[in-house]
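Peer 1: pasting a predicted model and its sequence here:
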Amino acid sequence: MNKIQLELDSSAWRGVVWDGKKIINRANLNLVRLMIMNLVQDFELSDKEKEQLKDLFISATNFEGDTDSVWDKIMEIKKASSTNTSI
């Protein structure tokens, strides 16, 4: 858990709980919970949780890619978070 990027301006939280200037009031706690669970390296989401995460992420971030590529974006965020780099 201590390896998760907690800076709100990191790519993992932009559009989820942070809009670049302030905390988003309508932040979806289920999305935040699933993002944290996904960012923890030793935790594997169930297929149902993955589908929930994708749907919530698309909705929260206004994801513009096709729905099949949203998981790639989520995994890119996970990789960037684990290496403390930005995407």
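Peer 2: Nice, thanks for sending it over. What you are looking at is a predicted structure, and each value in this text was computed from that prediction instead of being measured. Numbering: from 1, shown residues only.
Peer 1: got any ranges where this structure has weak pLDDT?
Peer 2: For the chain, residues meeting the criterion pLDDT under 70 lie at 1-15, 18-20, 22-27, 41-42, 82-87.
Peer 1: you'd agree Lys78 is up against Val40?
Peer 2: No: Lys78 is beyond contact range of Val40, at 9.4 Å (criterion: Cβ atoms under 8 Å). Every residue, glycine included, has its C-beta placed from N, CA and C.
Peer 1: the more surrounded of the two?
Peer 2: Lys78 (18 against 15; other Cβ atoms under 10 Å).
Peer 1: against Ser59, how distant is the more buried one?
Peer 2: 19 Å (Cβ to Cβ, to the nearest Å).
Peer 1: how about the contacts made by Leu31?
Peer 2: Neighbour list for Leu31: 16, 53, 56-57, 60 [criterion: Cβ atoms under 8 Å, 6 or more residues apart in numbering].
Peer 1: ok so it is a strand residue?
Peer 2: No: Leu31: not assigned to a strand; according to DSSP: H, G, I helix; E, B strand; the rest coil it is helix.
Peer 1: tell me which helix or strand the nearest residue to it once chain neighbours are set aside sits in.
Peer 2: Nearest non-adjacent residue to Leu31, counting by Cβ to Cβ, 6 or more residues apart in numbering: Leu56, 3.9 Å away. Using DSSP states H and E, Leu56 sits in helix 47-61.
Peer 1: same question for Ser81.
Peer 2: helix 70-83.
Peer 1: export that helix to CSV, keeping only CA atoms.
Peer 2: Taking Å, rounded to 0.1, in the frame of the first residue of the first chain, the C-alpha atoms of helix 70-83 are listed here in CSV:
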residue,chain,number,x,y,z
VAL,A,70,-9.8,1.3,-21.2
TRP,A,71,-8.2,-1.6,-19.4
ASP,A,72,-4.9,-0.8,-21.2
LYS,A,73,-5.2,2.8,-19.9
ILE,A,74,-5.9,1.6,-16.3
MET,A,75,-2.9,-0.8,-16.5
GLU,A,76,-0.7,2.1,-17.8
ILE,A,77,-1.7,4.1,-14.8
LYS,A,78,-0.9,1.2,-12.5
LYS,A,79,2.5,0.8,-14.1
ALA,A,80,3.2,4.6,-13.9
SER,A,81,2.1,4.6,-10.2
SER,A,82,4.4,1.7,-9.3
THR,A,83,7.4,3.3,-10.9
